[in-house]
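Peer 1: A structural model of the following input is requested.
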Amino acid sequence: MSIPVLTIDGPSGAGKGTVSRAIAKQLGWNYLDSGSIYRSLGIACLQSQTDLTNAQAVVEVAKAMILEFDCGDELKVKLNNVDITAQLGTEATGSAASVVAAISDVRAVLLQKQKDFQQPQGLVADGRDMGTVVFPNAERKVYLTASAKERAKRRYKQLIEKGIDANLAQITDEIQARDKRDMERETAPLAQADNALYLDSSDLSIPQVIDEILDFIR
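Peer 2: Residues are numbered from 1 along each chain as shown. As a prediction, the model looks like this:
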């Protein structure tokens, strides 16, 4: 019996993580946040002061790192037995993750780790290339997006609520730059899978997005 997989791909700030975790919880399925895998590698590289342009050095860091995911109501990630959850959402981590994710040999190292999350009763996988590269045979695929302006506003609000100084214009520029880099990278670029449901969340609430996807699954 095949284990069902729902992939939810899309750009940064579209709400993939919140939506994916909620759906996984409702269905009683496992959850994979591929972005956290690459962000964890970004943190590991920053901590070890690894040159992000040195592909072989980054590959060695990827091979050595040990990751643990605690997917309750809030995602918790441990890197080499140290909780790095608070560092996952920083702009420095996001930028580093985007750079290392473009290295083909790094993606090869981490690909199998992602595939191993496909376990009973099912899997909800969110990322940039879940439906196109990691789980191309998934029965249900979603491409979740929102305008760069709306995603920047959401990110700005999150940072301000955490007491972190933020500049909306700067965040918008960073998001647009990251989108361009992710879509134009040579290996596994961000793209909508041919058979994926396209869903723009710019004017939708999180519950509305969840309902749309659950209807699509059923």
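Peer 1: Quickly run through the sheet partners of the least confident helix or strand in the chain by mean pLDDT, with directions.
Peer 2: Least confident helix or strand of the chain, by mean pLDDT, DSSP states H and E, is strand 67-71 with a mean of 76. Applying DSSP bridges to the sheet, strand 67-71 is found paired with strand 75-79 (antiparallel).
Peer 1: May I see the buried residues of the strand it pairs with?
Peer 2: 75, 77, 79 (16 or more other CB atoms under 10 Å). Backbone N, C-alpha and C define where each C-beta goes, glycine included.
Peer 1: still on that earlier bit, can you pull out the residues in contact with the least confident helix or strand of the chain?
Peer 2: 21, 24, 30-33, 36-37, 40, 75-79, 81, 113 (CB atoms under 8 Å, 6 or more residues apart in numbering).
Peer 1: now do stretch 17-36
Peer 2: Taking CB under 8 Å, 6+ apart as the rule, stretch 17-36 contacts 4, 6, 8, 12, 16, 69, 71, 73, 75, 77, 88, 97, 114, 117-119, 121-130, 134, 144, 206, 209-210, 213-214, 217.
Peer 1: mean confidence for stretch 108-116?
Peer 2: When pLDDT is averaged along stretch 108-116, the result is 88.
Peer 1: which parts of it are buried?
Peer 2: By 16+ other CB under 10 Å, the buried positions in stretch 108-116 come out as 109-110, 114.
Peer 1: Single out whichever of the contacts of strand 67-71 has the smallest pLDDT.
Peer 2: Lowest pLDDT among the contacts of strand 67-71: Leu75, 79.
Peer 1: Name the nearest of the buried residues of stretch 108-116 relative to Arg178.
Peer 2: Relative to Arg178, the closest of the buried residues of stretch 108-116 is Leu110; by CB to CB it sits at 18.8 Å.
Peer 1: Now distance to Ala55 too, for the buried residues of strand 75-79, in CSV please.
Peer 2: Shown next, in CSV, are the buried residues of strand 75-79 (distance: CB to CB, whole Å):
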residue, distance to Ala55
Leu75, 28
Val77, 24
Leu79, 20
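Peer 1: The contacts of stretch 17-36 in helices, which ones?
Peer 2: 16, 88, 97, 114, 206, 209-210, 213-214, 217 (DSSP state H).
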